[in-house]
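K.L.:
Sharing a model prediction with you, sequence too.
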Amino acid sequence: MKVVVPTVGLFVLSYYALVGSAAPAIFSGRQTTSVDALNPYPNKRKIHFKDDGTFRLTVFSDLHFGENPWDDWGPEQDRKSLIVMNNMLDLEQPDFVAINGDLITGENTFKENSTLLIDQLTSPLTQKNVPFSSAYGNHDNAPNITHLKEIEREQLVAPTSYTRRAPEGVGGPGGEGNYWVPVYAKDTDPAPSLILWFFDSRSGWALDSNNQTVNIPDWVDDSVAKWLVGETAAMNEAWGSPENRAALAFVHVPFHVMESLQPTRDPVKEPGMDEDKLGVGSTQSTVDTSAWGNDRDKPFWTALTSNVKNLHAVVSGHDHGNEWCSRDPTTKQVLCFNKHTGYGGYSKPGWGHGVRTFDFNLSTLTKSVQSWVTMENGTRIDAVTLDASYGM
């Protein structure tokens, strides 16, 4: 199909041409959508399945680089985290990595060098030439660091990064990390078989006009719901039925629905460490409810579960003591916790460090995905098949 670009869309398209990526569908100004027009990375290599029909994705979560830079303890935790990252890359051999929030402990950083931590924490991926994308967490928004600053630094220094900034007006202040990454069955395919979604749950702290610390809203902004509807509609127009594609979504702070799943989950059918009791601050839309109200994450949750088909899991971090997956009985959607990767951030004896991995196969792509946790010592635990019967 021909892409028709009205004059009002030229500025937006020019911006994305400058940064080397295609304009997102809803902001491209197009009246019809072609297959090629939707590729957000025309100048980067396509992410695709291996020749044997498999695709492996590993999640690094809650790295928390930059803690206590004024003494020896903090840099030592970063050194240990780099060892974990390198070992996990060697053990899991992923085709793609998702860094799922709290890359940096922003409240501990100095303004003059806070973004340089991005250079350090992405170095294992750059050195091993592993493609990756990042979502951002509450500790990535602080007076000396923001989600946007981290995105811009990552794009500057990490050549294997597929992280993008959301279009102008999408995500709200402190929530610029909303985008998607296409994964193709073969690098010659015009349309992807798997979509990796990255959403920004915002949260954290900022300085107001009086130089006072204030909370940033702790949910995916409503503007992302509208953007998501537009993006999925454009995908369906260009690529055909969404039933032919699979998806996986990443957001740092879990949706509030996960709090209701914790007391009733079956630890046999839905295995995984469960050491963090969810409450205020553990899930979205639970901070400062007296000012902002309750259930503010519902508009986006509804848009996500209504518009993204074959969504195998919504994957979150934030709560370092949890690493289980469970199904929401209302939407039938599976939600998973990562495994705490970094030596920064809170922990307790016995929790350990590691990663969550997802293994896709083209033969079962829209039906199921295998997932497990790999501990720092190489032990694999909590292996599950996420399919229609999971948790039932």
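P.N.:
Thanks, I have the structure now.
K.L.:
so what's Pro182 bridging to?
P.N.:
Ile195 (DSSP bridges).
K.L.:
what sits against it?
P.N.:
Residues counted as contacts of Pro182 (C-beta atoms under 8 Å, 6 or more residues apart in numbering) are Leu38, Asn39, Pro40, Tyr41, Lys46, Ile47, Pro192, Leu194, Ile195, Leu196. Where C-beta positions appear, they are placed from N, C-alpha and C, glycine not excepted.
K.L.:
Check whether the last one really touches Leu57, as I assumed.
P.N.:
Yes. Taking C-beta atoms under 8 Å as the definition, Leu196 is a contact partner of Leu57 at 7.5 Å.
K.L.:
Between the two, which is the more surrounded one?
P.N.:
Leu57 (25 against 22; other C-beta atoms under 10 Å).
K.L.:
returning to what we had before: common neighbours of Leu196 and Leu57, please.
P.N.:
Here Leu196 and Leu57 have Phe96, Ala98, Leu248 as joint contacts, going by C-beta under 8 Å, 6+ apart.
K.L.:
In strands only, show me those.
P.N.:
Those of the shared contacts of Leu196 and Leu57 mapping onto strands are Phe96, Ala98, Leu248, per DSSP state E.
K.L.:
gap between the last one and Leu57?
P.N.:
Taken as C-beta to C-beta, to the nearest Å, the spacing of Leu248 relative to Leu57 amounts to 7 Å.
K.L.:
what's the overlap in contacts for these two?
P.N.:
Leu196, Phe358.
K.L.:
what's around Ser348, how many residues?
P.N.:
Wrong residue type there; residue 348 is Lys, not Ser. Neighbour number of Lys348 under other C-beta under 10 Å is 10.
K.L.:
Could you double-check that Val130 lies in contact with Pro94?
P.N.:
Yes. The pair Val130 and Pro94 passes the contact test of C-beta under 8 Å, sitting 6.5 Å apart.
K.L.:
More neighbours: which of the two?
P.N.:
Pro94 (24 against 17).
K.L.:
helix, strand or coil for the nearest residue to the more buried one once chain neighbours are set aside?
P.N.:
Distances taken as C-beta to C-beta, 6 or more residues apart in numbering place Thr58 nearest to Pro94, at 3.8 Å, with adjacent residues excluded. Per DSSP: H, G, I helix; E, B strand; the rest coil, the local secondary structure of Thr58 is strand.
K.L.:
Report the beta-bridge partner residues of Thr58.
P.N.:
Counting by DSSP bridges, Thr58 is bridged to Val97, Thr357.
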